[in-house]
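A.B. asks: Curious how this folds, go ahead:
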Amino acid sequence: MAKNESGADAGVDPSKVQELLQTETGGRALTGPASVILFIVPVCWSLFQIWIASPLPFILDFGIFNSTEARSIHLAFAVFLAYSAFPMIKGVHADKVPLYDWILALAAAFTASYLYVFYDQLAQRPGAPITMDLWVALCGLVLLLEATRRALGLPLTIVAAVFITYSLAGPYMPDVISHKGTSLNKLASHQWLGTEGVFGVALGVSTSFVFLFVLFGALLERAGAGNYFIQVAYAMLGHMRGGPAKAAVVSSGLSGVVSGSSIANVVTTGTFTIPLMKRVGFPATKAGAVEVAASTNGQLTPPIMGAAAFLMVEYVGISYLEVIKHAILPAMISYVALIYIVHLEACKLNMKGIERLNRPTLAQRMLNWVVVLLGLCVLTLAVYYGVGWLKGALGSAAPWVLTPLLIAAYVALVGYATRFPELEEDNADSEMDQLPEVGPTVKTGLYFLLPVVVLVWCLTVERFSPQLSAFWATLFMIFIVITQRPLKAFFRKHGHLASELKGGVVDLFHSLATGARNMVGIGVATATAGIVVGTVTLTGIGLVMTQFVEFLSGGNLLLMLLFTALISLILGMGLPTTANYIVVSTLMAPVIVNLGAENGLIVPLIAVHLFVFYFGILADDTPPVGLAAYAAAAISGGDPIRTGVQGFTYDIRTAILPFMFIFNTQLLLIGLTGWFDLLVTVFSAVTAMLVFSAATQGYWFTRTRWWETVFLLLITFTMFRPGFWWDMVYPPTQDRPASELFQYVEDIPADGAIVVQASGMSIDGDEVSKYLRLDLPAGETPEQRVAQSGLEMSPQGDRMVVDFVDFGSIAEQAGISFGWTIDTVLVPQDRPPKELMFIPALLLLAALAYGQLRRRAREQLETSPA
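C.D. replies: Now for the predicted structure:
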């Protein structure tokens, strides 16, 4: 089966794949002057983003843009490209830009850049817009909605339009969601002329962080890193049962590190992996479903997790490094489980691995793994401590020494790569009967890991902002794109250095254009989602939603979580992950935190935001509108609905994770006491997910019976949440009178926390009672520590009355208000560790394994020839 230029199978309609990729690359296929404009404008956008992220404006004291100005220019580029790259009606004017689209593109760019062009005048009349301001704002909102419809389709446009209508028609709404309403002038001013609406936090994150990470991924892909990751995955895993499918999982995870888009991930890696899976025996539906499950989970993989992860930094108020730390274990568990699911599917189909050239013995393979692991550990420690020592020894001169060392390492690795044959892209025509050797395949692209190392180093060790970290990694990646071709020609002594250098520069400009085109959908989506956020702040719908959802859930936290997951899945069928996350987290996150507190469960805000994030991603393969499933089906030739259903069954493992880490925050590495606690958490979580995978696939060592599935699910629940059973026997805390608060504070370590039950009148005049976590700074006496948290209290019987709360203090942020009372203190009980519940669970698992192994041996004996 021949391949076309896009890399899809000849039997696949490439227009379907391209249609699904419109939000990633642009909708029109242009030639002539229009194509030149649509190449130059994205390049200029990328150069602008690199400029504002760099330290140069502050060094040169030139070209400095504040956050509002930068957001304005960012959106101007996005809407200009939305009108010029996407036709008004799909399929009409697909190869040219009509005059009216140029006019609309320029008008939209003007309205978006209005805040930058007239920034000084607008600053002199805050809250008092003139007629021109209001006309520009209203036109800007309409043009933004149309740009969103073109780039992303109707769903997000409709959601934004509904929220605008709600702002204006508040008095006419049903009583449960009614409000006093707002004027058209106030709506336009709030949504467009300030930073509460369109130009709010979401667009700010797109401007500051997301663009550079998307550009970084485009540079890596153009340099050949995507193909390198895929080939390495094949070489390392292809010899196993269902090896190509396992390679698809790993390569999609690696691609997700630099992509952050599930649909783009499906189309780029799926072009290679889906035909390979079909060639070794996977049905078309299952081949597409494996790619869908792997690609959607790519957005969960740190260090780059798509735009929504950067929004968490702003919404939750923690560093990006903290987001990575909380997300790393669930992502790892999810991918390990998917590889295991693929293994179980291969066992069901009785597949065999593919022969490897010069197949090593078991002892050699084990030795190779040990050498690789030890080598990585030694290299990591050498880099960490070596660079750390150099930084300390050289002081301010360190960058001038470390930069040449980094470049020297890059040149040396490129030279080393040229000793091995260049990697070729997979050909779907060829029979897959042999695999390449691991060593030569890995060594051809080791230098691709250097920019990722720079990114992770800047984020984790230097503690730079995500924006500055991405800038340095992108700058290094630009250097690689320009120089890798002439360096390879030099080391291979091919000559033509000038032409190879020119080719590197061409690659760079194509990468700059591609990165910007990939950002059109994200830029427009974050701006339009800002309308939703602006409506919440303008109308107070957040408080209304709290009451409404509490009424629907009856105060039950589990029902609330199910309700939130359902909303995320439904909205995610039509909204991009980023927009879905903004809408649902804005409305639902505070509700879940408050409801948990009222039920005695302190839910960290990051856990709720990750919960919403996970279900927004899962919507990409949820039938009947799972876009990633449609993309995979276009490549595999399978039915898109069946592909989506199968993909979702694979992703059920990911769907239960958010529920588990809400109730067991140790999965997010919160509340761990040491390395042993970490190891136990990792072991129990991975074991639970593998057992759950076996239960949902109906196969372990052999096909499972219904009662075995029930026991496997019971073991899964126990391993994930041992405290559920343990709390029935040994309650974890005891309610003590608040009058004894100070004597318990004395036992709390410095910067520890205490949980109290507080009650009082809410801002709406309702009496509420909830459990709150109060962080306690260090201090000489318990009274002093409580005072430093911003709280002044006096005793009243068994309770403590709140006499004063400092504005902006820890106590106020915890939710304690003046006039409230502290009723009880939750004192931790001394009890055996809840992890003891793992013992009966593992014993039951061993008994099930023994029974399955005996049954498998009996079945093999019955089916074997006499």
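A.B. asks: pretty sure Thr514 is touching Arg222, no?
C.D. replies: Yes: using Cβ atoms under 8 Å, Thr514 is in contact with Arg222, at 7.0 Å. Every C-beta, even on glycine, is put in place using the N, C-alpha and C of the backbone.
A.B. asks: Gln467 contacts Ala53, correct?
C.D. replies: Yes: applying Cβ under 8 Å, one finds Gln467 in contact with Ala53, separated by 5.2 Å.
A.B. asks: and Thr514 and Arg222? which has more neighbours close in?
C.D. replies: Between Thr514 and Arg222, Thr514 has the larger neighbour count (other Cβ atoms under 10 Å), namely 23 against 19.
A.B. asks: so that one sits in a strand?
C.D. replies: No: assessed with DSSP: H, G, I helix; E, B strand; the rest coil, Thr514 is helix; it does not lie in a strand.
A.B. asks: quick one: the residue lying closest to it once chain neighbours are set aside from Gln646, how far?
C.D. replies: Leaving out its chain neighbours, the residue that sits closest to Thr514 by Cβ to Cβ, 6 or more residues apart in numbering is Ala218, at 4.6 Å. Using Cβ to Cβ, to the nearest Å, Ala218 is found at 31 Å from Gln646.
A.B. asks: Next: Thr702.
C.D. replies: Thr702 sits 22 Å away from Gln646 when distances are taken as Cβ to Cβ.
A.B. asks: So these two - more neighbours on which side?
C.D. replies: The neighbour comparison of Thr702 against Gln646 (other Cβ under 10 Å) goes to Gln646, with 26 against 19.
A.B. asks: ok, and that one, which helix or strand is that part of?
C.D. replies: Assigned by DSSP states H and E, Gln646 falls within helix 640-663.
A.B. asks: by how many degrees do the next helix or strand after that helix and helix 640-663 diverge?
C.D. replies: Where DSSP H and E defines the elements, the next helix or strand beyond helix 640-663 is helix 675-697. Relative orientation of helix 675-697 versus helix 640-663 (axes from the mean of the first three to the mean of the last three Cα atoms, to 10 degrees): 150 degrees.
A.B. asks: Can you list the low-confidence ranges for the stretch 401-550 of the chain?
C.D. replies: Where the stretch 401-550 of the chain drops to pLDDT under 70, the residues are 425-434, 460, 542-543, 545-547, 549-550.
A.B. asks: what about the helices in it?
C.D. replies: Here the stretch 401-550 of the chain has its helices, by DSSP state H, counting those that start in this stretch, at 438-443, 449-460, 466-492, 497-539, 541-553.
A.B. asks: Now do the phi/psi pair for the closest residue in space to Thr821 that isn't next to it in sequence.
C.D. replies: Using Cβ to Cβ, 6+ apart and skipping residues adjacent in sequence, the residue nearest Thr821 is Arg799, 4.8 Å away. The phi and psi torsions at Arg799 (degrees, to the nearest 10) take the values phi -110, psi 170.
A.B. asks: Arg799 contacts Arg736, correct?
C.D. replies: No: with contacts counted by Cβ under 8 Å, Arg799 stays clear of Arg736, the gap being 11.7 Å.
A.B. asks: So those two - more neighbours on which side?
C.D. replies: Arg799 (18 against 15).
A.B. asks: So that one versus Pro171, what's the distance?
C.D. replies: Distance check for Arg799 against Pro171: by Cβ to Cβ, it reads 41 Å.
A.B. asks: returning to that earlier point: which secondary structure elements does the helix holding Gln646 contact?
C.D. replies: Under the contact criterion of 3 or more Cβ pairs under 8 Å, 6 or more residues apart in numbering; DSSP states H and E, helix 640-663 touches helix 284-297, helix 320-348, helix 557-572, helix 605-618, helix 627-636, helix 675-697.
A.B. asks: Put the alpha carbons of the last one into CSV.
C.D. replies: In other words, helix 675-697. Output of helix 675-697 as CSV, limited to C-alpha atoms (Å, rounded to 0.1, in the frame of the first residue of the first chain):
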residue,chain,number,x,y,z
TRP,A,675,11.1,8.0,50.5
PHE,A,676,9.6,4.8,52.0
ASP,A,677,6.1,6.4,51.9
LEU,A,678,6.8,7.4,48.3
LEU,A,679,7.9,3.9,47.2
VAL,A,680,4.8,2.3,48.9
THR,A,681,2.5,4.9,47.2
VAL,A,682,4.1,4.2,43.7
PHE,A,683,4.0,0.4,44.2
SER,A,684,0.3,0.4,45.4
ALA,A,685,-0.9,2.7,42.7
VAL,A,686,0.9,0.9,39.8
THR,A,687,-0.3,-2.5,41.2
ALA,A,688,-3.9,-1.2,41.5
MET,A,689,-3.9,0.2,38.0
LEU,A,690,-2.5,-3.1,36.5
VAL,A,691,-5.1,-5.1,38.4
PHE,A,692,-7.8,-2.7,37.2
SER,A,693,-6.6,-3.1,33.6
ALA,A,694,-6.9,-6.9,33.9
ALA,A,695,-10.4,-6.6,35.3
THR,A,696,-11.7,-4.2,32.6
GLN,A,697,-10.1,-6.2,29.8
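A.B. asks: hmm, who's touching stretch 826-833?
C.D. replies: Residues from elsewhere that reach stretch 826-833 (Cβ atoms under 8 Å, 6 or more residues apart in numbering): 600, 726, 730-736, 744, 754-757, 771.
A.B. asks: Derive a PyMOL selection command for the buried subset of those residues.
C.D. replies: Buried residues among the contacts of stretch 826-833 (16 or more other Cβ atoms under 10 Å), as a PyMOL selection:
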select buried, resi 726+733+744+754+755+756+757+771
